[in-house]
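J.: Compute the structure for the input listed below.
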Amino acid sequence: MGRVYCDLLFTGLPHLPRLGQEVFAPDLSMSAGGGAFITAAAVKAVGGYGGLCAVLPATPFTDIVLRDMAEAGIDSSLCVTAAADQSPQITVATVLGDDRAFLTHASGPVLPDTNWDDTWHHLHIGELRTLVEHPRLVAQARDRNMTVSLDCGWDDTLMFRGTEMSDLVASVDLFLPNASEFETLTKSGLNKCAAPLTVIKQGARGAQAVTADTKDHCPALPVEVVDTTGAGDAFNGGFLATWLSGASISQALSMGVRCGAASVGQVGGTAGLRKMSQNPTQAAE
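T.: I've put the predicted structure just below:
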């Protein structure tokens with residue numbers, strides 16, 4: 001569950017935009033985006049089954065998102081499309097080298113008014129903001145005997161309120177922030193072990209899993225970075241699919257790192273994952 005956007009990805013930039021100046025980007029692509037979508041795509045890429053519960057961007061971007069969901073093999077039965085008069089949810093991503101900057105417009109409700117039945121076994125919440133807006137999600141999942149994971153997603157209005165976020169983070173089974181998010185939240189009062197299991201995505205340094213008693217680290221894989229958009233969410237999907245299958249945390253970290261590496265090797269969050277899904281041997285290694 002989480003917000004779904006249409007990403008407009010500008011690549012090949014000579015430099016990032018500056019006020020009062022215009023920058024021409026040699027390349028532009030449009031694709032479905034948002035943490036929940038990319039995580040579900042990664043789950044499917046490594047052999048799992050994932051569905052998305054979200055309000056899809058309004059016309060004219062709906063078809064792009066539905067196309068990418070179909071190509072990724074994501075169950076869309078719990079999705080609805082935003083009303084035609086609603087401003088579309090889009091993200092403009094400017095990519096420079098191995099970093100990027102985002103300009104995002106979010107509109108309307110994050111989740112549709114749909115019922116999810118007992119066929120689902122795990123709930124992944126794509127960003128902390130969604131859980132803040134819908135704190136009952138965890139209880140609803142528990143009523144269905146589901147485990148729950150939570151990504152963070154940088155949000156200026158939440159990152160410096162770690163103490164206030166502690167109860168929400170403690171209510172899930174698995175918390176998946178990146179290093180910057182985790183550092184900012186803990187400095188503002190979040191208990192480092194609020195969740196039973198916290199997995200910290202560290203970019204070029206790999207990823208670390210932390211419980212109250214243990215730490216487990218997996219280094220990053222050497223890869224030529226094309227676009228880091230969605231790499232953390234791709235990691236989420238690889239980690240979740242493996243962890244939920246009963247594998248060890250170490251094995252789940254390794255698969256998460258593989259999915260993150262596949263993601264950064266192509267423009268957009270899921271192009272590299274599609275290649276991974278077409279090569280089951282690579283996903284299983």
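J.: C-alpha only now, for contacts and for neighbours.
T.: Will do.
J.: Strands along this structure, start to end?
T.: 5-11, 27-33, 55-56, 80-81, 90-96, 99-105, 122-125, 147-151, 174-176, 197-201, 207-210, 215-218 (DSSP state E).
J.: Least reliable of those strands by average pLDDT, please.
T.: In terms of mean pLDDT, the lowest-scoring of these is strand 99-105 (a mean of 85).
J.: hey, which helix or strand in the protein has the poorest pLDDT?
T.: Least confident element among the helices and strands of the chain, by mean pLDDT, DSSP states H and E: helix 280-284 (a mean of 46).
J.: hmm, back to that, how about the strands of the chain in CSV, adding mean neighbour count and distance to residue 270?
T.: As requested, the strands of the chain are exported to CSV (neighbours: other Cα atoms under 10 Å; distance: least, Cα to Cα, whole Å):
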stretch, mean neighbour count, distance to residue 270
strand 5-11, 23, 11
strand 27-33, 18, 9
strand 55-56, 26, 17
strand 80-81, 16, 21
strand 90-96, 21, 15
strand 99-105, 13, 16
strand 122-125, 23, 18
strand 147-151, 23, 17
strand 174-176, 26, 19
strand 197-201, 25, 18
strand 207-210, 21, 20
strand 215-218, 16, 22
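J.: closest to residue 65 out of these?
T.: Smallest distance to residue 65 across the strands of the chain (Cα to Cα): 4.6 Å, for strand 27-33.
J.: and the angle for the closest one with strand 5-11?
T.: Between strand 27-33 and strand 5-11, the angle comes out at 160 degrees (axes from the mean of the first three to the mean of the last three Cα atoms, to 10 degrees).
J.: Quick one: list the elements packing against strand 27-33.
T.: Applying 3 or more Cα pairs under 8 Å, 6 or more residues apart in numbering; DSSP states H and E, one finds that strand 27-33 makes contact with strand 5-11, helix 62-72.
J.: Run me through the strand neighbours of the shortest one, direction for each.
T.: Strand 5-11 pairs in its sheet with strand 27-33 (antiparallel), strand 90-96 (parallel), by DSSP bridges.
J.: Check what contacts the last one and list those residues.
T.: In this structure, residues lying in contact with strand 90-96 by Cα atoms under 8 Å, 6 or more residues apart in numbering are 5-16, 33, 57, 100-106, 227, 229.
J.: so where do the helices sit in the stretch 151-285 of the chain?
T.: All helices of the stretch 151-285 of the chain, identified by DSSP state H, counting those that start in this stretch, fall at 162-170, 179-187, 231-244, 249-264, 271-277, 280-284.
J.: which other residues reach the fifth one?
T.: Defining contact as Cα under 8 Å, 6+ apart, one finds that helix 271-277 is touched by 41-42, 44-47, 72, 234, 259, 262-266, 282-283.
J.: Could you do the second one as well?
T.: By Cα under 8 Å, 6+ apart, the residues outside helix 179-187 that reach it are 152-154, 159-162, 192, 200-202.
J.: orientation of that helix relative to strand 197-201 in degrees?
T.: Interaxial angle of helix 179-187 relative to strand 197-201 (the same axes, to 10 degrees): 130 degrees.
J.: report the angle between the axes of helix 179-187 and helix 162-170?
T.: Angle, helix 179-187 to helix 162-170, by the same axes, to 10 degrees: 110 degrees.
J.: This completes my enquiry, with thanks.
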